[in-house]
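curious how this folds, go ahead:
(one chain, ligands or ions: 2)
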Amino acid sequence: MKNIYSNIFKFNNSTLKKAIKYLKKNDVLGIPTETVYGIAGNAYSKNSIKKIYNIKKRPKINPLIIHYYNFQSALKDIQINDNFLKLYKKFSPGPITYILKKKKNSKISSLATANLNTVAVRFPKHTVVSLLLKNINFPLAMPSANKSTEISPVDVNDVREEFNKKLKMIIDGGRSKIGVESTVVDLTGKVTILRPGFISDIQIGKVLKKKISISSKTKFIKSPGNLKRHYSPGIPIKLNQVLPVKNFAYITFGKKFKSSKDIFNLSYKSSLNEFARKLYKTFRKIKKLKYKKIYICKIPNKGIGIAINDRLTRAAK
Ligand code: TXA
Ligand code: MG
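Ligands and ions are numbered 1, 2, ... in the order given. Okay, the predicted model is just below:
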């Protein structure tokens with residue numbers, strides 16, 4: 001069935017060809033990934049990068065993640081090291097982004113890396129973006145497809161909501177399986193998680209055989225432009241709430257509260273992965289229902305729970 005919006009495309013061969021044509025002309029497109037949807041442009045083209053920053057209203061000090069098909073294709077731009085190789089082997093393609101030193105003769109637009117000598121690289125797993133990357137000879141700079149500080153999109157309709165007709169093409173790759181942004185891990189010095197995600201400190205620590213630190217909130221902001229207030233539905237949020245409050249939205253999980261008018265139970269089986277997958281969509285739903293306040297239950301701070309708490313704390317700012 002054709003989508004009612006003319007810039008939303010089902011994925012097939014002709015869409016792939018069209019997308020490649022647009023990207024080569026330095027257009028920016030809405031693209032699905034396994035974490036969240038992104039807005040993608042040619043990372044070697046200053047023009048594309050400018051478009052991304054403008055459309056998102058993103059501060060120029062906040063660098064973008066550069067996406068590649070595989071590490072061989074990234075070699076001309078990044079300086080690799082042992083930790084990278086070990087983590088790449090285990091987790092890529094997948095929901096993890098590595099901060100590495102940029103090669104001096106790299107063609108990545110300096111606008112995309114906010115003039116830093118480091119670069120964030122990711123190798124996404126979703127078939128649509130993977131196939132796209134395989135068929136072009138430049139990497140894709142791709143932040144989440146939301147206006148700066150707002151909620152990341154997890155399907156085509158979310159992207160459409162954010163940018164309307166501003167994108168020539170949004171490719172439908174279904175609902176993002178993970179639902180929160182990739183883990184960002186700094187490998188340029190002492191291994192540090194700058195943004196928690198689906199792949200946890202424990203999993204990374206197991207591979208590297210050491211304890212991995214997660215950058216504290218204030219230090220996190222040092223990761224340029226990692227704004228304190230982010231992922232925000234634009235409604236006051238109160239965390240660690242044990243009970244629902246009448247007429248306000250309550251987000252919870254587990255067996256205690258069934259979903260009903262004001263209650264949004266994101267996982268009856270208490271799966272935090274399921275909670276993460278549904279969180280942003282629920283924020284959007286609650287916003288549309290015009291609730292004045294969101295109460296959220298306590299989330300255990302381990303595994304993906306760390307990522308959920310990170311996003312919730314920022315959303316509550
Ligand atoms: O899952 C994801 O990573 C999604 C999908 C679309 O791939 N992308 C995404 O991009 O979340 P974005 O732009 O919303 O977040 C990128 C994060 C920002 O917090 C940025 O500050 C950080 O990565 N970052 C990028 N380059 C960096 C660098 N050289 N050093 C430190 N942090 C960096
Ligand atoms: Mg983002």
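
surely Asn62 and Thr113 touch.
No. Between Asn62 and Thr113 no contact is recorded; they are 10.6 Å apart, counting by CB atoms under 8 Å. C-beta here means a position set from N, CA and C on the backbone, and glycine is covered the same way.

neighbour count winner among these two?
Neighbours were counted for Asn62 and for Thr113 using other CB atoms under 10 Å; Thr113 has more, 22 against 16.

find the centremost residue of the chain, please.
By CA atoms, centre = their mean, the chain has its centre lying nearest to Glu181, at 2.9 Å.

OK, contacts around it?
Glu181 makes contact with 35-36, 144, 152, 195, 197 under the criterion CB atoms under 8 Å, 6 or more residues apart in numbering.

again, only this time at 10 Å
33, 35-36, 38, 65, 95, 97, 122, 143-144, 152, 195-198, 230-231, 280, 307, 310-311 (CB atoms under 10 Å, 6 or more residues apart in numbering).

what count of nearby residues applies to Lys317?
12.

test my guess that it contacts Ser232.
Yes. Lys317 lies in contact with Ser232 (CB atoms under 10 Å); the separation is 7.4 Å.

show only the entries of the contacts of Glu181 found in helices.
Counting by DSSP state H, these place 280, 307, 310-311 in helices.

quick check on Asn83: phi, psi?
phi -60, psi -40 (degrees, to the nearest 10).

how about Glu274, secondary structure?
helix (DSSP: H, G, I helix; E, B strand; the rest coil).

excluding its backbone neighbours, what's nearest it?
Nearest residue to Glu274 in three dimensions, chain neighbours excluded: Ser267, at 3.9 Å (CB to CB, 6 or more residues apart in numbering).

quickly list what's touching both of Lys317 and Ser232.
Thr149.

where in the stretch 101-250 of the chain is pLDDT low?
Judged by pLDDT under 70, the stretch 101-250 of the chain has its weakly predicted residues at 217-228.

in a markdown table: the ones in helices among the contacts of Glu181, plus distance to ligand 1, pLDDT and neighbour count.
Shown next, in a markdown table, are those (distance: CB to the nearest ligand atom, whole Å; pLDDT from 0 to 100; neighbours: other CB atoms under 10 Å):
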| residue | distance to ligand 1 | pLDDT | neighbour count |
| --- | --- | --- | --- |
| Tyr280 | 12 | 97 | 27 |
| Ala307 | 11 | 97 | 28 |
| Asp310 | 11 | 94 | 22 |
| Arg311 | 11 | 95 | 23 |
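
closest one to Thr118 out of these, please.
Asp310 (21.0 Å; CB to CB).

what residues does the stretch 51-200 of the chain have near ligand 1?
Neighbours of ligand 1 within the stretch 51-200 of the chain, by CB under 6 Å from any ligand atom: 62-65, 97, 99, 113, 116, 118-120, 122, 124, 142-144, 181-182, 184, 194-195.
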